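Colleague: What shape does this take:
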Amino acid sequence: MEARTAEALPTGAGWQFEPKWDGFRCLAFRTGAKVELMAKSGKPLTRFFPEVAEGLARVTSKHGFVVDGELVIAVTGALSFEALQMRLHPAQSRIERLSRETPARMMLFDCLTDRSGDSLMSAPLTQRRTALEAFFTAADSPALDLTPFTRERAVAQGWLDHLTAELDGVVCKRLDGPYLPGDRAMLKVKRIRTADCVVGGFRYASNSRLVGSLLLGLYNADGLLDHVGFTSGLSRQSLEPLTRRLEALVAPPGFTGDAPGGPSRWSNERSVQWQPLKPELVVEVRYDHVSGGRFRHGTGLVRWRPDKAPRQCTMEQIAPVKPSPVAGEGGGEADG
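Modeller: Residues are numbered from 1 along each chain as shown. Now for the predicted structure:
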């Protein structure tokens with residue numbers, strides 16, 4: 001079951017609110033002694049997270065189970081999306097080493113079967129949550145955690161107002177709602193923030209000599225310009241004059257710190273094709289999440305900032321705040 005985006009938390013009774021964790025969505029299936037982990041896309045994840053599969057395999061179960069949740073990895077006390085990405089590697093020896101060094105766990109938030117192995121998908125969320133808490137307690141596994149929840153809108157709004165690097169927003173579920181696979185029957189609310197960024201480079205659009213995206217940078221504590229993301233969705237009428245303006249500023253190095261297209265196993269030919277610019281242009285962009293010092297998703301262009309000096313655009317704008325009050329809690333309802 002998936003979620004559709006909403007601008008604000010719903011009002012009225014009948015809602016359960018949960019943190020939206022920064023991880024890999026995962027369904028876990030147990031049949032006999034066999035455990036399978038599956039991504040939202042339907043692709044298998046079992047080989048990449050053996051410690052989670054082993055933890056689920058040790059759960060006492062006569063009839064098997066199906067649970068829904070999020071795979072997360074904590075590094076130095078905070079969840080790391082980059083650590084999750086490092087698991088998607090062809091070398092099994094590397095995966096096994098990382099599973100020992102930075103073990104993942106599954107943050108549970110739904111249970112689709114009861115103790116007899118019968119489906120709970122048509123049951124209301126309240127019944128599935130009760131089953132989930134019983135499953136988590138009986139499992140008693142370090143590979144599992146239980147997401148907190150609240151049914152108080154004010155508490156959920158507090159989570160949104162104090163989002164941290166590890167939380168992606170708030171998910172809203174109907175208390176009387178069944179589990180509807182493939183349907184966007186939940187709501188997800190993210191807090192949209194803005195930052196002023198230097199345009200350190202750009203990429204041409206595919207098969208075009210017009211700009212396709214702007215590469216964004218922020219100055220780090222050492223005074224170097226780090227690449228932090230990109231913005232696209234530029235208006236069609238602006239492309240020709242903007243391309244001319246950018247081409248007149250082309251000059252290396254563009255980014256003096258972390259640069260786009262650096263060597264990595266995810267690099268491809270297109271990812272290294274970018275044009276460096278003199279650090280003269282500043283834009284304000286909307287973003288919803290930061291992970292590892294970069295915008296997790298593409299940003300939205302708000303406006304150009306000719307009034308802003310590039311050197312004023314620092315990493316402090318997107319620095320993580322203190323750990324979330326909901327992170328690391330067990331199950332049960334959060335306090336107000």
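
Colleague: Is it correct that residue 18 is in contact with residue 171?
Modeller: Yes: between residue 18 and residue 171 a contact is recorded at 4.9 Å, counting by C-beta atoms under 8 Å. Any C-beta I mention is one placed from the backbone N, CA and C, and that applies to glycine too.

Colleague: got any residues that touch both of those two?
Modeller: Residues touching both residue 18 and residue 171 (C-beta atoms under 8 Å, 6 or more residues apart in numbering): residue 109.

Colleague: now the helices for the stretch 51-200 of the chain?
Modeller: 81-86, 92-101, 125-139, 153-161 (DSSP state H, counting those that start in this stretch).

Colleague: Figure out how far stretch 65-73 is from the centre of its chain.
Modeller: 15 Å (C-alpha atoms, centre = their mean, to the nearest Å).

Colleague: do stretch 73-89 as well
Modeller: 11 Å.

Colleague: nearest to residue 7, of the helices of the stretch 51-200 of the chain?
Modeller: Ranking those by proximity to residue 7 (C-beta to C-beta) places helix 153-161 first, at 11.3 Å.

Colleague: for the closest one, packing partners?
Modeller: Contact analysis of helix 153-161 by 3 or more C-beta pairs under 8 Å, 6 or more residues apart in numbering; DSSP states H and E lists strand 15-21, strand 167-174 as its packing neighbours.

Colleague: Can you give me the buried ones in the longest one?
Modeller: In other words, strand 167-174. 167, 168, 169, 170, 171, 172, 173, 174 (16 or more other C-beta atoms under 10 Å).

Colleague: Closest to residue 124 out of those?
Modeller: residue 174 (8.2 Å).

Colleague: By mean pLDDT, show me the worst of the helices and strands packed on helix 153-161.
Modeller: Lowest mean pLDDT within the helices and strands packed on helix 153-161: strand 167-174, at a mean of 91.

Colleague: List the strands paired with it, with their directions.
Modeller: strand 15-21 (antiparallel), strand 184-189 (antiparallel) (DSSP bridges).

Colleague: Would you tell me which of those gets closest to residue 8?
Modeller: Per C-beta to C-beta, nearest to residue 8 of the strands paired with strand 167-174: strand 184-189, 6.4 Å.

Colleague: Please work out which residues outside that closest one touch it.
Modeller: 1-10, 20, 160, 169-174, 177.

Colleague: same thing but at 6 Å, please
Modeller: 1-6, 9, 20, 169-173 (C-beta atoms under 6 Å, 6 or more residues apart in numbering).

Colleague: Run through the bridge partners of the closest residue in space to residue 285 that isn't next to it in sequence.
Modeller: The shortest distance from residue 285 to any non-neighbouring residue, by C-beta to C-beta, 6 or more residues apart in numbering, is to residue 299 (3.9 Å). Beta-bridge partners of residue 299, counted by DSSP bridges, are residue 231.

Colleague: Residue 299 reaches residue 284, doesn't it?
Modeller: No: with contacts counted by C-beta atoms under 6 Å, residue 299 stays clear of residue 284, the gap being 9.7 Å.

Colleague: domain ranges for this structure?
Modeller: The record assigns the chain these domain ranges, following automatic domain parsing: 2-189, 193-318.
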